[in-house]
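Asker: Give me a model of this one.
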Amino acid sequence: MNTPLNKPNPIHLFTDGACSGNPGPGGYGLILKSGSHEKEMSEGFALTTNNRMELMAVIKGLEALKYNNSHVVVVSDSKYVVDAVKQGWLFGWEKKGWKNVKNPDLWQKFLQLYHKHKVTFKWIKGHAGHLENERCDELAVMASQQPRLQKDTGYIKAG
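Answerer: Predicted structure coming up:
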């Protein structure tokens, strides 16, 4: 079923994560673009990892979509996230019951959202002048530096 947002172009979800110390304070930033509409989001956490923030950005972007079955192009500089999906590792992890997989809480949440939409991934080189990626990085770093950061309960449980 097509929705008004899917015609004629897909929704672009630009994402980035940041972490100081890895683990340490971290944050994610994202930009959703559809036609003339654009939305920025970010959030920071007191103790997390860079990979968790990269994946969290994708999750939060997909959660923000108003319609199921949206065609979404995720643009990320995270090989961890992009390759997990494009290389099929994620689906193998799921079949094996998430044994010895880092961040299973986030991957499971991602899969629920992934199956609600038509999602493709595009990897880009980070810190290479890509306008939206640079902005997402700014958002992620700023979010990680805010006072009174929240807890990344999934990391704390896994830690």
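Asker: remind me which residues of the protein are low pLDDT?
Answerer: Residue ranges of the chain with pLDDT under 70: 1-8, 158-159.
Asker: now the strands for it?
Answerer: Here the chain has its strands, by DSSP state E, at 11-19, 24-34, 37-48, 71-76, 118-123.
Asker: okay, the ones you listed in CSV with mean neighbour count next?
Answerer: For every residue, glycine as well, the C-beta is placed using N, CA and C. Formatted as CSV, the strands of the chain follow (neighbours: other Cβ atoms under 10 Å):
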stretch, mean neighbour count
strand 11-19, 27
strand 24-34, 24
strand 37-48, 19
strand 71-76, 21
strand 118-123, 15
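Asker: can I get these in CSV with distance to Gln87?
Answerer: Below are those laid out as CSV (distance: least, Cβ to Cβ, whole Å):
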stretch, distance to Gln87
strand 11-19, 18
strand 24-34, 22
strand 37-48, 24
strand 71-76, 14
strand 118-123, 10
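Asker: nearest to Val141, of those strands?
Answerer: strand 11-19 (4.8 Å; Cβ to Cβ).
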